[in-house]
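1. just the structure for this:
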Amino acid sequence: MPTAGSRAALCPSLFLVCGMAFAQVGGNIAFLSDDRYRGISLSQEKPTLRLSAAYDHEDGWFGGGSLTEVMLYRPRWQVQVLGYAGYAGRLSDRFGWEAGATVVHFGADSHYDYLEAFGGLSGERWNTRLHYSPDYFGSDVRTAYAEFNVGLPISPLVRVTAHAGALMRIGGAPVEGRRVTFDGSLGLAMARDAWEAQIAWVAGGRSAIYPTAYGRASQGTLMLSASLSF
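-> Numbers count the residues shown, from 1 in each chain. As a prediction, this is how the structure comes out:
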């Protein structure tokens, strides 16, 4: 995970990580037409805002967090607080690795809080990660989530983005539905100076683990986002 801005990829967003580089301190404010997390809407398909901050130390240690307005089962807004920390290193001039942990807290529904550990590999324009949670969304279900992200520039200002992920239930309380669910996205990102706009088609499968009504139905949507980094 390279820059301070792209570390926000650990949040439920479409910001992708492309390459290994070290920044110092960065922030990002983003408007999202829908807060999609692994294909699932955490804002009941309504527009929302996210504020993110990140720090990268030259020795490889990194950390950061975000505040996002979300809406779960109950039709009221609340703040989702996400924090993460870890270490990133290099395997060669072309490949890097990372490992760390993410913690998520919901302001009004803290029983959905959860922790994930993650590890991954990255290249110049791609990354792949494996996440493990012992109690995903407070469901008493142990999960593993594998993902692959890529960003391919097609001009100095535009790149194609793609994401594929799979959520696997690997133990804990029984949950109805499939043991493995998939999600993915395909889009375009346009960046100029500190501004970036994205449009992407996002889809996800059914999963009763998520505390949202939408989480029980498979549906794709066109998602728009605009962000300013500082």
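2. show me what contacts Trp195?
-> Counting by C-beta atoms under 8 Å, 6 or more residues apart in numbering, Trp195 makes contact with 226-229. From N, CA and C alone the C-beta is placed, and that goes for glycine too.
3. which ones among those residues are found in strands?
-> Taking DSSP state E as the definition of strands, these contribute 226-229.
4. highest neighbour count among those?
-> Ser227 (23 neighbours; other C-beta atoms under 10 Å).
5. which strand residues sit across from that one in the sheet?
-> Beta-bridge partners recorded for Ser227 (DSSP bridges): Ala30, Glu196.
6. going by contacts, tell me the helices and strands next to the longest strand anywhere in the chain.
-> Counting residues, the longest strand in the chain under DSSP E turns out to be strand 158-172. With contacts taken as 3 or more C-beta pairs under 8 Å, 6 or more residues apart in numbering; DSSP states H and E, strand 158-172 sits against strand 141-153, strand 180-192.
7. please name the strands paired to it in the sheet, noting orientation.
-> Partners of strand 158-172 in its sheet, by DSSP bridges: strand 141-153 (antiparallel), strand 180-192 (antiparallel).
8. wait, which of those strands is closest to Arg169?
-> Comparing the strands paired with strand 158-172 against Arg169 with C-beta to C-beta, the closest turns out to be strand 141-153 (5.6 Å).
9. what are the contacting residues of that closest one?
-> Strand 141-153 has contacts (C-beta under 8 Å, 6+ apart) with 9, 16-18, 38, 116, 125-136, 159-173, 175, 189, 209.
10. could you rerun that using 6 Å?
-> Outside strand 141-153, the residues within contact range by C-beta atoms under 6 Å, 6 or more residues apart in numbering are 16, 18, 125-134, 136, 159-173, 175, 209.
11. from these, list just the buried residues.
-> 16, 18, 126-129, 131-133, 136, 159, 161-163, 165-167, 169, 172, 175, 209 (16 or more other C-beta atoms under 10 Å).
12. of the strands paired with strand 158-172, which is nearest Gly120?
-> Of those, nearest to Gly120 by C-beta to C-beta is strand 141-153, at 8.5 Å.
13. that closest one: how far from the chain's middle?
-> How far strand 141-153 lies from its chain's middle: 9 Å, per C-alpha atoms, centre = their mean, to the nearest Å.
14. quick one: buried residues of it?
-> In strand 141-153, counting by 16+ other C-beta under 10 Å, buried: 141-145, 147, 149-151.
15. let me have those in CSV, extended by distance to Gly100.
-> Below are the buried residues of strand 141-153 laid out as CSV (distance: C-beta to C-beta, whole Å):
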residue, distance to Gly100
Val141, 22
Arg142, 19
Thr143, 17
Ala144, 16
Tyr145, 14
Glu147, 15
Asn149, 16
Val150, 21
Gly151, 21
